[in-house]
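Q: Kindly return the folded structure for what I paste below:
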Amino acid sequence: MKHFSELTASAERIVDAGEALIQRVGYNGFSYEDVAQMVGIRKPSIHHHFPTKIELGVVVAQRYTHRFRQALLHIEGTQARAPERLCAYAQLFETTYAENRRLCVCGMLGAESDSLPAEINAEVRRFFEVNVAWLESVIAQGQQAGTVNVAISAPEWALTLLGALEGAMLVGRGLQSGRGPRQVMDTLLVSIAA
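A: Numbers count the residues shown, from 1 in each chain. Modelled structure (predicted):
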């Protein structure tokens, strides 16, 4: 199975299309014909790069998780305090949502997990584990510094925040609302701030 770091320019365009389709209609909602139309190539060319849709789905999730990890490192390098890091984290979701109410790739895949192949579910789980661990660390640091409420444990806050941000995207799309993840985080920070 390919790894996202091994992609040619042509394969990268296919992964871009797969990502956009997952964000709009989910893994089960698109076919290689949809990808071919978006990229402007024939289906056999897609099969040349990704013999199975499972492989394409795995690479999309791998790459998405990697980009998110890079963004988390950037936040750590530019924001010193936990509340500011949490706002910057929410902005990652907001930026995705602002593009025609797109959803988080792994949030969308997570919603389909009962019907997804195990290989894709493993990548989705990795995404959520990375996010929960990062949030726990930021919240624990904030609790130690006195900037984050200690009445609720860091693991509980981490799950609450991640669930709220993913949910904000779903609810916002359902309501066709401009209110997205950033506004939800702003509301939650009132509860979180010490």
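Q: what helices or strands is the longest helix along the chain leaning on?
A: Criterion DSSP state H: the longest helix present in the chain is helix 118-145. Applying 3 or more C-beta pairs under 8 Å, 6 or more residues apart in numbering; DSSP states H and E, one finds that helix 118-145 contacts helix 53-78, helix 82-98, helix 105-111, helix 154-175. No exception for glycine: its C-beta is placed from N, CA and C like everyone else's.
Q: Just name the most buried of these.
A: Among these, the stretch with the highest mean neighbour count (mean count of other C-beta atoms under 10 Å) is helix 105-111, at a mean of 22.
Q: hmm, who's touching it?
A: Helix 105-111 has contacts (C-beta atoms under 8 Å, 6 or more residues apart in numbering) with 19, 22-23, 26-27, 57, 60-61, 64-65, 116, 120-121, 123-124, 127-128, 166, 169-170.
Q: if I look at the closest residue to Lys2 other than its chain neighbours, how far off is Val105?
A: Nearest non-adjacent residue to Lys2, counting by C-beta to C-beta, 6 or more residues apart in numbering: Val59, 5.6 Å away. Distance of Val59 to Val105, given as C-beta to C-beta, to the nearest Å: 11 Å.
Q: Run through the residues that contact the residue nearest in space to the middle of the chain.
A: Residue closest to the average C-alpha location in the chain (C-alpha atoms, centre = their mean): Cys104, at 4.0 Å. Taking C-beta under 8 Å, 6+ apart, we find Cys104 in contact with Gln23, Phe93, Thr96, Glu166, Met169.
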